Structure formats: structure tokens, C-alpha cells
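**Q** Return atomic coordinates for the entry below.
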Amino acid sequence: MALASMAHRFGRIHHLAGPGALVLLAMILFPSCDKKGEPAAPRAPLEISAIRIALRDVPVRFEFVGQTESSHLVEIRARIDGYLEKRLYKEGGLVKAGEVMFLMDRRPFEAALQKARGQLAVQEAKLANATANLARIRPLAAKDAVSQKALDDAVAQEQESRAAVQAAQAQAREAELNLSYTVITSPVTGLASQAAKQEGSYITGGPGGFLTTVARIDPIRVNFSISENEWLKFRDEVAQGRLRMPSTEDFEIEVVLADGSVFPKTGRVSF
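**A** Sure, this is the predicted structure:
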């Protein structure tokens, strides 16, 4: 009878409250039908860790976009006018200091050297003759056997011949240098660029004699720039004591390549 009465009352509630009464019915019936269960097991205590906060210095890392460049870029140029005979290096390859890169036609310069040496021999012969003539005249002039003018002429001739020998020696030395310039070598070890002139080309020395470049890559430079805003921010943080710079500005520079790998050697700031 009690169940019926309870159902009647539920029915009335259902009529008044609508579909939500079913939920209320379930909430009321569940405790009456459930058996008294065992008490729930107590939960394990939570572990709490504590740390001590202390003020200390930490390293600061700055990142900039840089570009590598040679520490010593050399322009290889011809010093003399002539025909380019051979290119002996591999374009884009590594050349060593003193390695021959180009050869120019030597024959005109060998002929010029022989001519200069011949002229030097002529002047040396004239000097020997003038020296011997002066040696003969000096004793005679001391005895007044010859005029003073003859002595003066002999002295002048000897001095003129000596000067001519020196000029001929300089010309011979210049011819030797020009001949040596037909062999064009690299002054540094580095990567050689593309050749600007090919075999058979006529080359003029000086500004028009550009042949190629050699880029020294050991050591290599990395150029990067800092914006004005960043520099002012760094300066303010240093002034306020939040940022401490190395006493000798000995920064450790690490290079990260385009693929994300780190270059195995570190660098330093040169300027």
C-alpha cells in the first residue's frame, strides 16, 4: 500500500513537473533499492615538494642572423701586358699559397731580358774602359804631363759610365721581374672563384688585368648586425645592473647553420 501511495504521489509529480520527474523518481528509488556498501578506502596523501628560491646569475643568450665571408679576399690580377697561355687551377676548388694558377706567354719577356742583359754588358765594358783611362791619366796629370781638362774629362767619363751601368742593371732587373710575372700564383690558401679570362685572351696589367679571386676560409668571418633598439635596450639593462657584460668583452660565439646544426668550433668578436 505504501508503494502504491508513493507511486501515486510520483504520478502527481510527473503530471505537474513533466519529464523531469523521472529523474527525481530515479534519485529517490536508488537509495531505497541500493544495499549498504563498504566504506570507501582512504586516499593516499599527496606528495608536495618544496624548493628554495635564491638570487643567482644565469647565462644570457642572444641570437642574430649572420652571413659568412672570407677573412682575406684576394683579387688575382696580371701585372704585365700579354697573352694568357694556360689556366692551371680548378674553378671553385681549393688552392694553396704559392700554387700556380695562370701562365702567360713567356717568350716576349725572355727576349726583353736578354736584350737588357746585353745592354748591361755593353755599359759594363764602357765602365771598364773609362776606369782604365782614368787610371792612366791621373799619374800624368800629377806630373803636369796632361792638361787639367783631360783629367776632368776622364773623371766625368768614368762617372757617366758607372751611372749607365746602374741604369742597365735596373733595366735588367725589371726585365727579370716582368718575366717572373708571367707565372701567376695565389698568395693565400683558399677557395678560387671563376676565371674572368680564358686561354688566348690578351690581358693588360693593372686595373684591367683582373683574373679571379681567392677567398681565405681559415679563419672565416661571420658578419651580423644589432639594431639600434636592441643596442639601447642592452645599454639600459647594463646600466641598471640587470645585465652584466664580460669584463674583457670575451663573448662566446656559436654558429648555427641553416639546417639547425651547430658548427663544431666557437668564435670570438673581433670588432
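
**Q** for the record, mean pLDDT for whichever strand or helix holds Ala132?
**A** Take DSSP states H and E as the rule and Ala132 turns out to sit in helix 107-142. Here helix 107-142 scores 95 as its mean pLDDT.

**Q** what's the answer for stretch 72-90, then?
**A** Averaging pLDDT along stretch 72-90 yields 95.

**Q** that older thread, helices or strands up against the next helix or strand after the helix holding Ala132?
**A** Remark: after helix 107-142, the chain's next helix or strand is helix 148-180, criterion DSSP H and E. Judged by 3 or more Cβ pairs under 8 Å, 6 or more residues apart in numbering; DSSP states H and E, the packing partners of helix 148-180 are helix 107-142. Where C-beta positions appear, they are placed from N, C-alpha and C, glycine not excepted.

**Q** coming back round to it: may I see the buried residues of the helix holding Ala132?
**A** 108-109, 112-113, 116, 119-120, 123-124, 126-127, 130, 133-134, 137, 141 (16 or more other Cβ atoms under 10 Å).

**Q** Find the centremost residue of the protein, please.
**A** What sits nearest the mean C-alpha location of the chain, by Cα atoms, centre = their mean, is Ser70, with 2.7 Å.

**Q** my guess is that one is in a strand, correct?
**A** Yes. Assessed with DSSP: H, G, I helix; E, B strand; the rest coil, Ser70 lies in a strand.

**Q** start at 16 instead
**A** From this message on, residue numbering opens at 16, which makes the last subject Ser85.

**Q** Bridge partners for the closest residue in space to it that isn't next to it in sequence, pull those for me.
**A** Leaving out its chain neighbours, the residue that sits closest to Ser85 by Cβ to Cβ, 6 or more residues apart in numbering is Ala230, at 3.6 Å. For Ala230, the beta-bridge assignment (DSSP bridges) gives partners Leu88, Leu206.

**Q** Check what pLDDT Ala230 gets.
**A** Looking at Ala230, its pLDDT is 96.

**Q** Enumerate every residue touching it.
**A** Ser85, His87, Leu88, Val89, Gly205, Leu206, Ser208 (Cβ atoms under 8 Å, 6 or more residues apart in numbering).

**Q** ok now do the last one, which residues does it touch?
**A** Think Ser208. By Cβ under 8 Å, 6+ apart, Ser208 lies in contact with Glu106, Gly107, Thr227, Thr228, Val229, Ala230.

**Q** Present the residues you listed as a markdown table; the columns should include distance to Lys248.
**A** Shown next, in a markdown table, are these (distance: Cβ to Cβ, whole Å):
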| residue | distance to Lys248 |
| --- | --- |
| Glu106 | 46 |
| Gly107 | 42 |
| Thr227 | 44 |
| Thr228 | 39 |
| Val229 | 41 |
| Ala230 | 35 |
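
**Q** what ranges of the protein fall below the confidence cut-off?
**A** Applying pLDDT under 70 to the chain flags the ranges 16-54.

**Q** redo that, cut-off 90
**A** Confidence mapping of the chain against pLDDT under 90 gives the ranges 16-77, 156-161, 220-223, 234, 240-241, 249, 253, 256-268, 273, 282-286.

**Q** before we move on, the earlier item: so which elements touch the helix holding Ala147?
**A** Using 3+ Cβ pairs under 8 Å, 6+ apart, helix 122-157 is in contact with helix 163-195.
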